[in-house]
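Participant: Show me how the following folds:
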Amino acid sequence: MNLDEFISEYADIEGRLADPSVHADQSLARRLGKRYAELRPIVETYRELTATGDDLAAARELAAEDEAFAAEATDLAKRKDELEERLRKLLVPRDPNDTKDVILEVKAGEGGEESALFAGDLLRMYLRYAERVGWKTEVLDSHPSDLGGYKDVTVAVKSRGAQEEGVWTRLKFEGGVHRVQRVPATESQGRIHTSAVGVLVSPEAEDVDVQVDPNDLRIDVYRSSGPGGQSVNTTDSAVRITHIPTGVVVSCQNEKSQLQNKEQALRILRSRLLAIAQEEADAAASAERKSQVRTVDRSERVRTYNYPENRISDHRVGYKAYNLDQVLDGDLHNVTQALVDAEMERRLAEAQGS
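Facilitator: Down below sits the predicted model:
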């Protein structure tokens, strides 16, 4: 799609959003709003670039007669270069999921109870980060460990409406194995242990993204359980859904009713099926998820959290900082920005090479 087509689409969506009948369909209005927010920086930058170009031409014409306008022409030329670079980046093909919300799963791996405790620490980091940037979070399912951590926990993270940058833009890079090095609370000798936690991130699917055939599902119900396996519910409210064609299994036990757990499980299932479908259909989507969890093994990691040195290291882009305590308190922006910048550089290189 060229620039003229973007501008035309933007004007068309603007007109449709002004039509009250469109807002009667909340799903349609939401999709249009997200696309409108995605196109807005492109159109606004183009308009500013056009105006700056006109001002620059006028300033240069005046500078030929009056040197007082020469400095203004220089400033406008610099501004025009900056806008051209910004527009070039905005026109680079984007990840089609960048405006989507996400389903984030944190799973304890090697390291036993210490891994489960760190899974709890990562969950808190993501919840605090979401709070900082104004996202909404909802715990869909969780299996606590005996000492207060999590064997696994699933969270939905949503933006608060149409905006230029979706949740997926940032959190998609969290997928992979996260390694922690610290003295566990259960360690009496003060020795540093290494354990691992797996994080899986999927774009949350809307009904229009994935159609699930009820005939493809096997649904089992059972009693939910808490730490140590004790029953926390006297009714069969927990739900396990198996998608027979793919073998994907999802379970939920957080809600009190079987119907609510079924709805949450279907929500997680749709997001996983969307990710699978995109991987199969698009090699680029598969490349985006190369770092996702395959096995939660200490040697296969995307990031290391070193407590003794207060250091965080992202091994994909060589990012390193010594503010681990702040990151774990939700100050994750610089870490994710390093990954966003690396992706942009890769996409720019691909665009120039094509």
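Participant: CA only for contacts and neighbour counts going forward, please
Facilitator: OK.
Participant: what comes up buried for stretch 129-143?
Facilitator: Tyr129, Ala130, Trp135, Thr137, Val139, Leu140, Asp141, Ser142, His143 (16 or more other CA atoms under 10 Å).
Participant: Give me the three-state assignment for the fifth one.
Facilitator: It stands for Val139. When classified by DSSP: H, G, I helix; E, B strand; the rest coil, Val139 comes out as strand.
Participant: Torsion angles phi and psi at Arg218?
Facilitator: As for Arg218, its main-chain torsions (degrees, to the nearest 10) stand at phi -110, psi 120.
Participant: now Lys107
Facilitator: phi -130, psi 130.
Participant: which residues sit in contact with it?
Facilitator: The neighbourhood of Lys107, defined by CA atoms under 8 Å, 6 or more residues apart in numbering, consists of Ala116, Ala119, Tyr150, Lys151, Asp152, Val153, Val197, Gly198, Val199.
Participant: ditto for Asn334
Facilitator: Here Asn334 is in contact with no residue (CA under 8 Å, 6+ apart).
Participant: Average pLDDT for the one helix or strand it maps to, rounded please.
Facilitator: Element membership for Asn334, per DSSP states H and E: helix 333-353. For helix 333-353, the mean per-residue pLDDT is 88.
Participant: hmm, back to that, quick one: which of the contacts of Lys107 is nearest to Leu266?
Facilitator: Among the contacts of Lys107, Val153 lies closest to Leu266 (CA to CA), at 15.8 Å.
Participant: Quick check: phi and psi on that closest one?
Facilitator: Dihedral angles (degrees, to the nearest 10) for Val153: phi -150, psi 140.
Participant: On the pLDDT front, check it for me.
Facilitator: 94.
Participant: same deal with Ser286?
Facilitator: 45.
Participant: Show me what the biggest strand by length in the chain pairs with in its sheet, parallel or antiparallel.
Facilitator: If each strand of the chain is counted by residues according to DSSP state E, the longest one is strand 193-203. Here strand 193-203 has these sheet partners by DSSP bridges: strand 102-108 (antiparallel), strand 176-182 (antiparallel).
Participant: Arg316 is nearest to which of those strands?
Facilitator: Closest among the strands paired with strand 193-203, using CA to CA: strand 176-182, at 10.7 Å.
Participant: Please save the CA atoms from the closest one in PDB.
Facilitator: Provided in PDB are the C-alpha atoms of strand 176-182 (Å, rounded to 0.1, in the frame of the first residue of the first chain):
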ATOM      1  CA  GLY A 176      11.100 -17.400  25.900                       C
ATOM      2  CA  VAL A 177      13.100 -18.800  28.800                       C
ATOM      3  CA  HIS A 178      13.900 -16.400  31.600                       C
ATOM      4  CA  ARG A 179      16.900 -17.400  33.800                       C
ATOM      5  CA  VAL A 180      17.300 -16.300  37.400                       C
ATOM      6  CA  GLN A 181      20.500 -16.400  39.500                       C
ATOM      7  CA  ARG A 182      20.100 -15.800  43.200                       C
END
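Participant: Give the rounded mean pLDDT of it.
Facilitator: The pLDDT scores in strand 176-182 average 94.
Participant: now stretch 315-323
Facilitator: Here the average pLDDT along stretch 315-323 is 95.
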